[in-house]
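J.: Here's my sequence, what's the structure:
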Amino acid sequence: MRSHAVSMLRKPMKFFKRQADYGVQASNFITKEVKAWWNRLTPGERVFVPICALNILVFAAWRVPRFQPVMMEYFCSNPASRSVCLPMLLSTFSHYSGLHLLANMYVLHSFSTGAVHSLGMEQFLALYLSAGVISSFTSYLYKIVTKQPGLSLGASGAIMAILGYVCTQYPDTRLGIIFLPIFTFSAGAAIKFIIGLDTAGVLLGWKFFDHAAHLGGAACGIFWAMWGNQHLWQKREPVLRYWHDIRGAIK
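T.: Numbering: from 1, shown residues only. Next up, the predicted model:
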């Protein structure tokens, strides 16, 4: 009887052990496939994927009713809010409309490869995040000067910086419209048209887009293409060496 009881107990233990082994094997397989997929990505795609994932997570958070107060306070750019500084960055990852998110991510994906190839991943992220803050600040100034209260959110300002950089750095590159592939135009002409459109939006008070934020982002990208990449970015080396010296002394 005792041996029979022991054998009966061993059966479920073997079953659970087998299931645990299957789980480990499945986990290892998924990890291996994810690593293989990640290694196949270009440097531009390796930057784009995490940014896109963050935007999707924030977009999903907007769909949760209990998160609405937090989203309104920290993920919307609003100069009249109690929180002013942090939303200038967080609103860059925030989209309330699925179409807005899709359009921004499509443009970012289209230009990220060329921008990362020129700037490198580190400098690309620095430009993207800095331009997001600068575009939000430009929007703040415009709303204060014109006394037009309102919320703004979206990655458009940061993406406009990438667009401005690429179009200024490579003005002869031919671009096209996804639904009109036979119609092409130069990158230099495209950025001039976009800036003209946003300037008209600011002067005429259009409210469909945050035109002031677009102009702030585009100006940031154009400035970086003309002076930042070759001059300002190189001057970070003494600061980095000083920082590493401080860290070494602390250790």
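
J.: Flag the shaky bits of the stretch 101-250 of the chain, pLDDT-wise.
T.: Across the stretch 101-250 of the chain, the ranges flagged by pLDDT under 70 are 177-182, 229, 231-233, 240, 242-244, 247-250.

J.: Pull out the buried residues from the helix or strand L175 falls within.
T.: Using DSSP states H and E, the element containing L175 is strand 174-177. Neighbour-count burial for strand 174-177 flags L175 (criterion: 16 or more other CB atoms under 10 Å). To be clear about C-beta, it is placed using only N, CA and C from the backbone, and glycine gets the same treatment.

J.: Parallel or antiparallel, list what pairs with it.
T.: Under the criterion DSSP bridges, strand 174-177 sits next to strand 180-186 (antiparallel) in its sheet.

J.: C-terminal to the strand it pairs with, which secondary structure element comes first?
T.: helix 187-204.

J.: residues making contact with that next one?
T.: In this structure, residues lying in contact with helix 187-204 by CB atoms under 8 Å, 6 or more residues apart in numbering are 142, 160, 163-164, 166-168, 170-175, 206, 208-209, 211-212, 214-215, 218, 222.

J.: From S81, how far out is the residue nearest the centre of the chain?
T.: Residue closest to the average C-alpha location in the chain (CA atoms, centre = their mean): I51, at 4.0 Å. The spacing between I51 and S81, counted by CB to CB, to the nearest Å, is 24 Å.

J.: likewise A155?
T.: Counting by CB to CB - A155 and S81 are separated by 19 Å.

J.: Of those two, which one has the most company?
T.: The neighbour comparison of A155 against S81 (other CB atoms under 10 Å) goes to A155, with 29 against 14.

J.: which non-adjacent residue is nearest that one?
T.: Leaving aside its sequence neighbours, A155 sits nearest to N104 (CB to CB, 6 or more residues apart in numbering; 4.7 Å).

J.: a helix runs through that neighbour, doesn't it?
T.: Yes - counting by DSSP: H, G, I helix; E, B strand; the rest coil, N104 is part of a helix.

J.: Burial check on it, number of neighbours?
T.: 19.

J.: Kindly report the same for V84.
T.: When neighbours are counted by other CB under 10 Å, V84 comes out with 14.

J.: What of V64?
T.: 10.

J.: likewise L215?
T.: By other CB under 10 Å, 23 other residues sit near L215.

J.: show me what contacts it?
T.: T138, M160, I195, D198, T199, V202.

J.: before we move on, the earlier item: ok, the residue nearest to A155 to Q169 distance?
T.: As judged by CB to CB, N104 and Q169 stand 21 Å apart.

J.: hmm, back to that, out of the contacts of L215, which is nearest to V47?
T.: M160 (16.8 Å; CB to CB).

J.: ok so the closest one is a helix residue?
T.: Yes - counting by three-state DSSP, M160 is located in a helix.

J.: hang on, isn't it packed against G132?
T.: No - M160 sits out of contact with G132 when judged by CB atoms under 8 Å, with a separation of 9.9 Å.

J.: between these two, what contacts are shared?
T.: Residues touching both M160 and G132 (CB under 8 Å, 6+ apart) are G217.

J.: follow-up on the earlier one: any idea which element the residue nearest to the centre of the chain lies in?
T.: Applying DSSP H and E, one finds I51 within helix 43-62.

J.: And that helix, what does it pack against?
T.: helix 68-74, helix 98-119, helix 121-146 (3 or more CB pairs under 8 Å, 6 or more residues apart in numbering; DSSP states H and E).
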